[in-house]
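Novice: here's my sequence, what's the structure:
(one chain, ligands or ions: 1)
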Amino acid sequence: MAWRSSGASNQALIENLAANGLITQPRVKQAMLAVDRAHYAPRNPYQDSPQPLGHRATISAPHMHAAALESLLPYLHPGAKVLDIGSGSGYLTHVLAELVKPGGRVVGVEHIQALVEMGRVNVGKSAEGRGLLEMGVVGFVKGDGRVGVEEEEGGKGWDAIHVGAAAVKGGEGRLVGLLKAPGRLFIPVEEEDYAQHIYVIDKVADGSVTRKKDMGVQYVPLTDAPTE
Ligand code: SAH
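Specialist: As a prediction, the model looks like this:
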């Protein structure tokens, strides 16, 4: 799966992901077409594989970004408030912003200052991205993603939280506490056997929580910040 969606341009990559059934929802396709991955991946931007960013960070493969967007989409309406933990390159943060504009807000969280800045710089490479930064639809903050960040504007929590690095088992509980009801958390969790799986955790309208174990994955772990 990792290579067969690669293309010679952003459009070709996205069309191939759709043709291979990895993007099924038109809004996800539109949003991914609107963001040029070349602004985020230092090498091979249109290859369907992860790429190193430096600082031990990796921009996830396009099919993983697509899977996260497809899963979170019911919660990504204009006006929605979204947290993107381990925002790295800022690619997904930008695509999420495309889905919640106008009126929404996406906050990327990174524990390395250089990556907070990388996200901001990368989003600023396009006129559309600069507009989203100026309007406050997208922003980046330094913080520990294991703790997360409170949603302060609406005060009711985040409609959606995406986590781009693997939590230890049980580590997801704290982030569930930051979700709005209804709201959804998409998070890779590493279990005792070192295997990682995506968990899709919903806080439903009455505040109760449901968990679904999804695909097996390989993400870098959520860690302590390196001493800079
Ligand atoms: N979604 C990003 C993924 C980057 S890789 C992208 O596709 O570009 C995972 C990121 O998680 C790295 O940038 C790393 O710095 C960050 N990370 C790891 N532990 C963290 C922590 N405790 N708090 C915040 N960010 C963390």
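
Novice: SS state for residue 49?
Specialist: When classified by DSSP: H, G, I helix; E, B strand; the rest coil, residue 49 comes out as coil.

Novice: tell me which parts of this protein are close to the ligand?
Specialist: Proximity of the chain to the ligand, by CB under 6 Å from any ligand atom, involves residues 55, 57-60, 85-89, 91-92, 109-112, 115, 144-146, 164-165, 220, 222-223. All C-beta spots, glycine's among them, are computed from the backbone N, C-alpha and C.

Novice: give me the buried subset of the residues you listed.
Specialist: Among the residues of the chain next to the ligand, those classed as buried by 16 or more other CB atoms under 10 Å are 55, 57-60, 85-89, 91-92, 109-112, 115, 145-146, 164-165, 220, 222.

Novice: among the residues of the chain next to the ligand, name the ones in strands.
Specialist: Mapping these onto strands (DSSP state E) picks out 57-59, 85, 109-110.

Novice: I'd like those as a markdown table, with pLDDT appended.
Specialist: Shown next, in a markdown table, are those (pLDDT from 0 to 100):
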| residue | pLDDT |
| --- | --- |
| 57 | 94 |
| 58 | 95 |
| 59 | 97 |
| 85 | 98 |
| 109 | 98 |
| 110 | 98 |
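
Novice: check whether residue 93 really touches residue 141, as I assumed.
Specialist: No: under the criterion of CB atoms under 8 Å, residue 93 makes no contact with residue 141, lying 11.0 Å away.

Novice: joint contacts of these two?
Specialist: The contact sets of residue 93 and residue 141 overlap at residue 108 (CB atoms under 8 Å, 6 or more residues apart in numbering).

Novice: more neighbours: the two, which one.
Specialist: Remark: of residue 93 and residue 141, residue 93 carries more neighbours, 31 against 13, as counted by other CB atoms under 10 Å.

Novice: can you give me the buried ones in whichever strand in the chain runs longest?
Specialist: In the chain, with assignment by DSSP E, the single longest strand is strand 179-190. Neighbour-count burial for strand 179-190, counted by 16+ other CB under 10 Å, picks out 179-180, 183-190.

Novice: and if you look at stretch 26-43?
Specialist: Here stretch 26-43 shows 28-29, 31-37, 39-41 as buried, counting by 16+ other CB under 10 Å.

Novice: can you check stretch 92-105 too?
Specialist: Using 16+ other CB under 10 Å as the test for burial, stretch 92-105 gives 92-101, 104-105.

Novice: how about stretch 213-226?
Specialist: For stretch 213-226, a neighbour-count test (16+ other CB under 10 Å) marks 217, 219-220, 222 as buried.

Novice: run the chain-centre distance for stretch 78-97.
Specialist: In terms of CA atoms, centre = their mean, to the nearest Å, the gap separating the centre of stretch 78-97 from the centre of its chain is 5 Å.

Novice: check stretch 92-103 too.
Specialist: 11 Å.

Novice: any idea of the mean pLDDT in it?
Specialist: The pLDDT scores in stretch 92-103 average 97.

Novice: give the contact list for residue 55.
Specialist: Residue 55 sits in contact with 112, 114-115, 226, where contact means CB under 8 Å, 6+ apart.

Novice: mind running it again at 7 Å?
Specialist: Neighbour list for residue 55: 112, 114-115 [criterion: CB atoms under 7 Å, 6 or more residues apart in numbering].
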